[in-house]
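> My questions are about this predicted structure, shown below with the sequence.
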Amino acid sequence: MCGICGVISGDPIDGIEAGVDAMTAKMVHRGPDASGKYVSSTSGLGMRRLSIIDLVTGDQPIGNEDGRYQAIQNGEIYNHVELRDQLSDRGHSFKTTSDTEVLVHGFEEWGTSLPERLKGMFAFAVLDTQRNELFLARDRFGEKPLFFAEIANKLIFSSEISSLLEWSEVPRRLDHDSLNEYLAVGNRPTGQTMFRDISELKPGTWLTFRNGQIKQGRYFDLSYREAQPVGDVGEIIEAVRNGFSEAVRRQLIADVEVGALLSGGIDSSAVVAFAAQHSSKPIKTFTAKFTDAGYDESAIAKEVAVRYGTDHHEVEIPDSAFSMSDSELIVKHVGEPFIDSSAIPTYLISKYASEHVKVCLTGDGGDEAFAGYNAFNWAQKVERFAQLPSSVLGFGSGAAKVASALPVLSGSSKLRQIARGLDAARSSNTTEGRFDAVHWLYLPDELERLMGSRVKRSGVGEAGSGSVLKRHMRRRMDRELPADMLIKTDRMSMATSLELRAPMLDHDLVNLSMGLPDDVLLRDGVGKWALREAVADQLPDSVLNHPKHGFSIPLFRYINDEFRDSCRELLGDRSGVAQLFDQKALESVVTEGLTRRKDSSSMSVYRATHRVWALHQLALWSETFGVSI
């Protein structure tokens, strides 16, 4: 696990070594064990290393036999031993046992087709020093980040935005299209960032740069399809079980001790169960313990730990009282405004775990890969709403109309859900558009009032053929997974120099899940049915029967005097960000978010508090990075 960065141009670059050094130094948290660089007059590579595989000879950059190709990598290649054998048979000579050296020889042998042969989580660069050509690639699901900017005939890249901005030529301008998406659904489009001039290499893609020309290609695409004839239900469950067990075994590869984050949910509990079976000694497990019983699953996690004899640790997580340092930490490491407040407990448990191990397995990705989110059920209902006659569908334009017809529901959360469902069904003529509408942070009329004529959505296209469920799953994997979940886990863990691995996102396992029949993914309203059945005999009943529980904090309890004062300062009429919005609408949103403590028929506490949290993060980000609005 590392942080990587670099620059390339067709012409000599003034101050290139100092620039590479500055970008590299900004990421010392991603790799405190070692650093390395390669610099010429027209190109430079830098990296910080967290030593996990080949602790002695695995420093980077690593070159091939004659030094023509130089490689740096962030992440892990789990099948590097098999690839090494293939390359050795083809005459390549290795001087280390590191997975990064497999990349440099692999690119020499297979060129741009190399990434499709890799199983792992990775973002890497290979520099052809003879042709002065750079190759970048990113893993299939976006576990590892990679950002780039094309400025003045140069390509600058880095694992983190804050590092990229150390290259002084990169402008710091707000991207308004990304802003609109961020406010509408809580994250920006994949491939873009909140900076107009900084892009994100999309998951499953590669990029080359030579003589000022960028070329991009896709080596992996989510291929959700109609169910394949893989056998009866029993055979399907066995295939899932075997695939999952192999994914966990594969991701235990390391030359250091590997632990696990254990939440008490099915996914992380199953990871611990199989990791314990594949490990020759007790693994270390780490559980977040919340003081609010409604958010705490530590007792259930402890049952799993006892069952598998782990070296178990509980980490006390404060679930109240906003601290400005928490928000500043999120913005600093993400490099963008980020509304997922579960970043805070993710950071705290990562910080504790990093004092004991360098690597932890997690259950991340299980809900995306196996249809576990309640949103999949909800989105299915919205699709049924969309089939209603237009006279009925048009009636439900807002909670007030529903309340007038169903006064018994007035003031209830059920009323709010019905109204939101009808609004979502009416919002778009595409399945993907309606799925987005389920997650609206701001309804269209609310966003219009807040931003006026500036509102412009990037648009949501169809994600392809297949069942409604499969299309929802693809949308989640394409958008929310890389733009939220994986940002949170990578940046918050690497802020503490801890590597997190997600066996649920194993390439072979996800390929299996993409072809499963809908009724073994989501059955009788129960998500992850196939996965549940595959691991049922490995887990306590308390895990299997516990209602689905997100890893989150009660954000409304963070609304204290420090947060109110910060909002007044960052969102006051003299702030730069405030100029983006209608002042009356902005004041209404902030007041609602700071005062609401109970759900109503039109607004939940969750949505009210996250709307103001989103604005606070936006303003803090703008101030921290000196963004031109």
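Received, thanks. Residues are numbered from 1 along each chain as shown.
> how about the one helix or strand residue 447 maps to as CSV, C-alpha atoms only?
Per DSSP states H and E: residue 447 is located in helix 444-451. C-alpha atoms of helix 444-451 as CSV (Å, rounded to 0.1, in the frame of the first residue of the first chain):
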residue,chain,number,x,y,z
PRO,A,444,-35.5,19.3,-7.5
ASP,A,445,-37.6,22.2,-6.4
GLU,A,446,-35.5,22.6,-3.3
LEU,A,447,-32.3,22.7,-5.3
GLU,A,448,-33.9,25.1,-7.7
ARG,A,449,-34.7,27.5,-4.8
LEU,A,450,-31.2,27.1,-3.4
MET,A,451,-29.3,27.6,-6.6
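> Use 41 as the first number from now on
Yep, numbering from 41; the last one is helix 484-491 now.
> Please work out which residues outside it touch it.
Under the contact criterion CB atoms under 8 Å, 6 or more residues apart in numbering, helix 484-491 has outside partners 220, 223-224, 467, 482, 495, 620-622, 625-626, 629. Backbone N, C-alpha and C define where each C-beta goes, glycine included.
> Now it: average pLDDT?
Per-residue pLDDT values over helix 484-491 give a mean of 89.
> buried stuff in that helix?
For helix 484-491, a neighbour-count test (16 or more other CB atoms under 10 Å) marks 486-487, 489-491 as buried.
> chain center to it: distance?
From the chain centre to the centre of helix 484-491 is a distance of 27 Å (CA atoms, centre = their mean, to the nearest Å).
> Over to stretch 56-70?
Worked out by CA atoms, centre = their mean, stretch 56-70 lies 24 Å from the chain centre.
> coming back round to it: which one (most neighbours) among the contacts of helix 484-491?
residue 223 (26 neighbours; other CB atoms under 10 Å).
> Please tell me how far it sits from residue 239.
Counting by CB to CB, to the nearest Å, the separation of residue 223 from residue 239 is 20 Å.
> how about residue 346, what does it touch?
By CB under 8 Å, 6+ apart, residue 346 lies in contact with residue 352.
> ok, so what distance separates it from residue 302?
As judged by CB to CB, residue 346 and residue 302 stand 11 Å apart.
> Overlap of the contact sets of those two?
Both residue 346 and residue 302 are contacted by residue 352, under the criterion CB under 8 Å, 6+ apart.
> Check what pLDDT the closest residue to residue 283 other than its chain neighbours gets.
For residue 283, ignoring the flanking residues on the chain, the nearest one in space by CB to CB, 6 or more residues apart in numbering is residue 549 at 4.7 Å. Listed pLDDT for residue 549 reads 96.
> so what's the backbone phi/psi at residue 189?
Backbone torsions for residue 189, taken as degrees, to the nearest 10, come to phi -140, psi 140.
> Residue 238 is in contact with that one, correct?
Yes. Shown here, residue 189 and residue 238 form a contact pair, counting by CB atoms under 8 Å, at 5.0 Å.
> More neighbours: which of those two?
Legend: neighbour count by other CB under 10 Å for residue 189 and residue 238, higher for residue 238 (26 against 23).
> which residues touch that one?
By CB under 8 Å, 6+ apart, the contact list for residue 238 reads 187-189, 201, 204, 210.
> Let's have the residues you listed in TSV, adding secondary structure and distance to residue 405.
Listed next are the contacts of residue 238 as TSV, based on DSSP: H, G, I helix; E, B strand; the rest coil; distance: CB to CB, whole Å:
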residue	secondary structure	distance to residue 405
187	strand	22
188	strand	25
189	strand	29
201	helix	23
204	helix	26
210	coil	32
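> Got a quick PyMOL command for the buried subset of those?
Here is the PyMOL command that selects only those of these that count as buried (16+ other CB under 10 Å):
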select buried, resi 187+188+189+201+204+210
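> quick one: which of the contacts of residue 238 is nearest to residue 570?
Proximity of the contacts of residue 238 to residue 570 was ranked by CB to CB; the top entry is residue 187 with 35.8 Å.
> just to revisit the earlier point, for the helix or strand where the residue nearest to residue 283 lies, which positions count as buried?
In this assignment (DSSP H and E), residue 549 forms part of helix 547-554. For helix 547-554, burial by neighbour count (16+ other CB under 10 Å) applies to 547, 549-550, 552-554.
> starting at the chain centroid, how far to the helix or strand following it?
Using DSSP H and E, the helix or strand that follows helix 547-554 towards the C-terminus is helix 558-561. Chain-centre distance of helix 558-561: 25 Å, with CA atoms, centre = their mean.
> Pipe the contacts of residue 238 into JSON lines and attach distance to residue 136 and pLDDT per row.
Output for the contacts of residue 238, formatted as JSON lines (distance: CB to CB, whole Å; pLDDT from 0 to 100):
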{"residue": "187", "distance to residue 136": "28", "pLDDT": "98"}
{"residue": "188", "distance to residue 136": "27", "pLDDT": "98"}
{"residue": "189", "distance to residue 136": "32", "pLDDT": "98"}
{"residue": "201", "distance to residue 136": "31", "pLDDT": "98"}
{"residue": "204", "distance to residue 136": "28", "pLDDT": "98"}
{"residue": "210", "distance to residue 136": "33", "pLDDT": "98"}
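> which intervals of the stretch 391-540 of the chain have sub-threshold pLDDT?
431-453, 493-505 (pLDDT under 70).
> Identify the contacts common to residue 189 and residue 238.
In contact with both residue 189 and residue 238: 204, 210, using CB under 8 Å, 6+ apart.
> ok, back up a step: the helix holding residue 549 - contacts with which helices or strands?
Here helix 547-554 touches helix 273-291, helix 406-410, going by 3 or more CB pairs under 8 Å, 6 or more residues apart in numbering; DSSP states H and E.
> Next secondary structure after the helix holding residue 487?
Using DSSP H and E, the helix or strand that follows helix 484-491 towards the C-terminus is helix 508-515.
> Give me the helices and strands touching that next one, please.
Judged by 3+ CB pairs under 8 Å, 6+ apart, helix 508-515 is in contact with helix 414-426, helix 471-478, helix 558-561.
> What are the buried residues along the longest one?
Yep, that's helix 414-426 we're talking about. 415-416, 418-420, 422-423, 425-426.
> now do the second one
Within helix 471-478, the residues scored as buried using 16+ other CB under 10 Å are 471-478.
> Adding distance to residue 90, write those out as CSV.
As requested, the buried residues of helix 471-478 are arranged in CSV below (distance: CB to CB, whole Å):
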residue, distance to residue 90
471, 41
472, 37
473, 41
474, 42
475, 37
476, 36
477, 41
478, 38
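> contacting residues around the residue nearest to residue 636 when sequence neighbours are not counted?
Nearest non-adjacent residue to residue 636, counting by CB to CB, 6+ apart: residue 648, 4.2 Å away. Neighbouring residues of residue 648 by CB under 8 Å, 6+ apart: 632-633, 636.
> Mark which of these are buried, thanks.
Taking 16+ other CB under 10 Å as the criterion, what is buried in the contacts of residue 648 is 633, 636.
> nearest to residue 588, of the contacts of residue 648?
residue 636 (24.4 Å).
> how many neighbours does residue 86 have?
Residue 86 has 29 neighbouring residues, counting by other CB under 10 Å.
> what packs against the helix or strand that contains it?
Assessed by DSSP H and E, residue 86 sits inside strand 83-89. Counting contacts by 3+ CB pairs under 8 Å, 6+ apart, strand 83-89 is packed against strand 42-49, helix 56-65, strand 74-79, strand 109-117, strand 160-168.
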